[in-house]
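Asks: Sequence and predicted structure below; questions after.
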Amino acid sequence: MIIKLLPGNPCNAALVSFSREEFFKLGLSESEITLQCRKTRLLLKNIFALLHETAGFDRDGNYVLVKCRPLNNGGCRFLIEFTDQPSGRLFYFHQADDLLDAVNRLSGEIVPALEITRSGDAYQIYIPSGAGLTERELAVLNEYAM
């Protein structure tokens, strides 16, 4: 993996490149780079953690733009840009029971701000950026969400 911080004031973007061999070792192929793939989500989580540790980049509840491009040699390059625009949070649930259990453990103050929808076989909760989600509520949602 090669990380290149892009110039700017302040610097808020990085190029992260993987060779074909590195992707193979991670158990990924270029066709699996989607947010529906658990390995891709784990890879992005690790990239964000590494960028935070090495360059001080932090999502802080803001939008992060991620673009992915295949390389000619079979690898892949991610362009990651950290913004200062507040982002809401989206949680997916396989079953309605998981969704209801999570909602029942949230405080009554945040429940009116929730937007609950169904997409195919999954349920979604969208929480707007100004809803004031506490660390405990975030842990509850992460526990029940997929």
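Replies: Happy to help now that I have it. Numbering: from 1, shown residues only.

Asks: What distance do you get for Glu137 to Arg105?
Replies: Applying C-beta to C-beta, to the nearest Å, the value for Glu137 to Arg105 is 8 Å. C-beta coordinates here come from the backbone N, C-alpha and C atoms, glycine included.

Asks: the more surrounded of the two?
Replies: Per other C-beta atoms under 10 Å, whichever of Glu137 and Arg105 has more neighbours is Glu137, with 18 against 14.

Asks: Quick check: phi and psi on that one?
Replies: The phi/psi pair for Glu137 (degrees, to the nearest 10) reads phi -70, psi -40.

Asks: Could you find the closest non-adjacent residue to it?
Replies: Distance criterion C-beta to C-beta, 6 or more residues apart in numbering; nearest residue to Glu137, sequence neighbours excluded, is Leu106 at 5.3 Å.

Asks: start to end distance for stretch 130-140?
Replies: 18 Å (C-alpha to C-alpha, to the nearest Å).

Asks: Bridge partners for Gln124, pull those for me.
Replies: Beta bridges link Gln124 to Tyr92, Thr117, judged by DSSP bridges.

Asks: wait, the residue nearest to Glu137 sits on Val140?
Replies: Yes: between Leu106 and Val140 there is a contact at 6.4 Å, judged by C-beta atoms under 8 Å.

Asks: All set, thanks.
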